[in-house]
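> Give me the fold of what follows.
(2 chains)
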Amino acid sequence: MLISAPIRAPTWVSRRRLLEEKLSDLHKWTNLKQVKQVHAQIYKANLFQDLYVAPKLISAFSLCHQMVLAVSVFNQIQEPNVHLYNTLIRAHVHNSQPSQAFAAFFQMLSDGVSPDNFTYPFLVKACSGESWFPVVQMVHAHVEKFGFFSDIFVPNSLIDSYSKCGFVGVNAARKLFTVMGERDIVSWNSMIGGLVKAGEVGEARKLFDEMPERDAVSWNTILDGYAKAEEMKMAFELFEKMPERNVVSWSTMVLGYCKVGDMDMARMLFDKMPVKNLVTWTIIISGYAKKGLTKEAIGLYDRMEKAGLKSDDGAVISILAACAESGLLGLGEKVHASINRTKFKCSTLVSNALVDMYAKCGSLDKAYSVFNGMARRDVVSWNAMLQGLGMHGHGEEALWLFSRMKQGGFVPDKVTFIGVLCACTHAGFVEEGRRYFYAMERDYRIVPEVEHYGCMIDLLGRGGHLKEAFRLVRSMPMEPNAIIWGTLLGACRMHNAVDLAEEVVDHLVKLEPSDPGNFSLLSNIYAAAGDWDSVSKLRLQMRRTGIQKPSGASSIEVNDEVHEFTVLDKSHPRSDKIYQMINRLVQDLKEVGYVPKAYQ
DNA sequence: TTCGAGATCG
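Numbering: from 1, shown residues only, chains lettered A, B, ... in the order given. The predicted model follows:
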């Protein structure tokens, strides 16, 4: 009797099939340990040359932000095909390595592998920012030459990329959009999105009205346009008209009201919306934080955590930036504590946000401790630390940090020099400031921008070198903006330069006709010089033109609550006690010989 | 399609 042996595939076939099954979703894995384990298995099975396995492995390493490993997998392949190149390009783009993506593209061309309909869209996705405009143009020309317009995905992605390249980009996108033979809803949405990003809501609205059909994205894009332009009336009208509203629509409205500072409306919508996501929570918490409403911001942050939502990098960065902006150390510390609870280490981006927050809130020790503990620092980390030191008067230490930064092999950028010059200003290092200002262009090839001139004029002005400051303003290659003149005016006040101040105010009024602050500064300068005649004339002129000076408010944070007060303010329940204390302080000051400036 | 690090005066 013949007993047939069970039929079995050769071992290598079954091993491969097993692996294939196991690896079917490898390209979505985000656990580095698992990916590395599989990587080792693939190596052992001698399958690293396999054109099915390799792209998946590259994608997985890319998701784990391990580009060195991804590239090494790629380099093992002797004859990469178009799919493999596309995967590598996409991996570089995903990890914010646009130059490497293009390097891979050119390598692909020189290897004689033809790009396909996927290559170009991946490639141009990396292009964001004005400097990328010529690159998108190059890709566009390439696409036209080789006729890849057969798939609408290609021109759509070009429109999208052009839109990210600033003003010139949007025009190019418009051109392409006009000549496109066939358009789908994505083409329209990309074009409208581009116009919105460029701040041309009116144009965007026109296209929106022309669209043959609209989806949720179209509605939300135009809604975002109005919210970004702070035209909340238009936004609300549109919001009411929308056929269906999703989380994004509601969040966009909340964001818009936060931007215009209408926290009541923002909160009302936030409470009313049926579904909230992490972004929504981030928007409202940052909104409260930016307005300095610590209690609300902290309360909502606690509620978010209780609701079981875990912050991601974006949420954390957003909230920390808001804390930095208005000095909410309490919330910032809370966010830091919850990061420490959930994460072993944070990304460079998050650490930078922490350093910046601590530095801006005046907690330099904590800024230092985050900064020193960072595994990987970049230019931004140094800039944030340096600026924090300079801002709080530690000019010498800031300059020391600057030299440490250079020793560490970091190349200073334009923001670094703003920090350096500011540090010089706050420490009164006029000579050093001048030196850095000229070294910036000569040694680092950084052309001074209006911000650098601003710092420099502040430095010279405060130091009493008014004439030099004025000369520098005249020699600027760009038009001086209101901040430049404002800086100069501040310097005039400091050194009682009445004539110069009048000239500066003339310029300021042209740039900011409705800003009453400029007049009151001039009025203070007249007062300081004892020219009461001019003061009353100016007051009269202000009354005639209907310019009113809003009273300046000061605020103080006590027990997580911000108290605001103005001149002669009696609104506080314990106002009597406060004034008693002030009078006592004034008395004490007089006793030690202080004379208020106005009576000098 | 919503949030997302550093940026000159007061």
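
> List the residues that contact residue A:261.
Neighbour list for residue A:261: residue A:291 [criterion: Cβ atoms under 8 Å, 6 or more residues apart in numbering]. C-beta: built from backbone N, CA, C; applies to glycine.

> any idea how far residue A:501 is from it?
32 Å (Cβ to Cβ, to the nearest Å).

> go on, residue A:380?
38 Å.

> same check, this time on residue A:176
For residue A:176, the distance to residue A:501 (Cβ to Cβ) stands at 52 Å.

> what about those two, which has more around it?
The neighbour count for residue A:176 versus residue A:501, taken as other Cβ atoms under 10 Å, is higher for residue A:501 (26 against 17).

> Okay, that one and residue A:456: tell me how far apart.
Using Cβ to Cβ, residue A:501 is found at 19 Å from residue A:456.

> Please verify my assumption that residue A:487 contacts residue A:456.
No - Residue A:487 lies out of contact with residue A:456 (Cβ atoms under 8 Å); the separation is 9.5 Å.

> Neighbour count: those two, which is higher?
Neighbour count, other Cβ under 10 Å: between residue A:487 and residue A:456, residue A:456 has more, with 28 against 25.

> in the helix or strand hosting the more buried one, what counts as buried?
When secondary structure is defined by DSSP states H and E, residue A:456 falls within helix A:450-462. Under the neighbour-count criterion of 16 or more other Cβ atoms under 10 Å, helix A:450-462 has A:451-462 buried.

> Among those residues, which ones lie close to DNA strand B?
With the criterion set as Cβ under 7 Å from any atom of the strand, the members of these near DNA strand B are A:451, A:453-455, A:458.

> what's the closest of those residues to DNA strand B?
Closest approach between these and DNA strand B, by Cβ to the nearest atom of the strand: residue A:454, at 1.6 Å.

> Can you give the distance of the longest helix along chain A from its chain's centre?
Identified as the longest helix of chain A according to DSSP state H is helix A:575-591. Distance of helix A:575-591 from the chain centroid (Cα atoms, centre = their mean, to the nearest Å) equals 44 Å.

> who touches stretch A:180-189?
Defining contact as Cβ under 8 Å, 6+ apart, one finds that stretch A:180-189 is touched by A:152, A:155-156, A:159, A:177, A:207, A:211, A:213-215, A:217-218, A:221.

> rerun that using 6 Å as the cut-off
Under the contact criterion Cβ atoms under 6 Å, 6 or more residues apart in numbering, stretch A:180-189 has outside partners A:152, A:155-156, A:211, A:215, A:217-218.

> Using PDB, write out the CA atom coordinates for the helix or strand immediately after the helix holding residue A:456 in the chain.
Following helix A:450-462 in sequence order, the next helix or strand is helix A:466-475 (DSSP H and E). This file holds the C-alpha atoms of helix A:466-475, laid out as PDB (Å, rounded to 0.1, in the frame of the first residue of the first chain):
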ATOM      1  CA  LEU A 466      20.500 109.200  19.200                       C
ATOM      2  CA  LYS A 467      22.200 110.700  16.200                       C
ATOM      3  CA  GLU A 468      23.800 107.400  15.300                       C
ATOM      4  CA  ALA A 469      20.400 105.600  15.700                       C
ATOM      5  CA  PHE A 470      18.800 108.100  13.500                       C
ATOM      6  CA  ARG A 471      21.500 107.700  10.800                       C
ATOM      7  CA  LEU A 472      21.000 104.000  11.000                       C
ATOM      8  CA  VAL A 473      17.200 104.400  10.400                       C
ATOM      9  CA  ARG A 474      18.000 106.500   7.300                       C
ATOM     10  CA  SER A 475      20.400 104.000   6.000                       C
END
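
> Before I go, just wanted to say thanks for your time.
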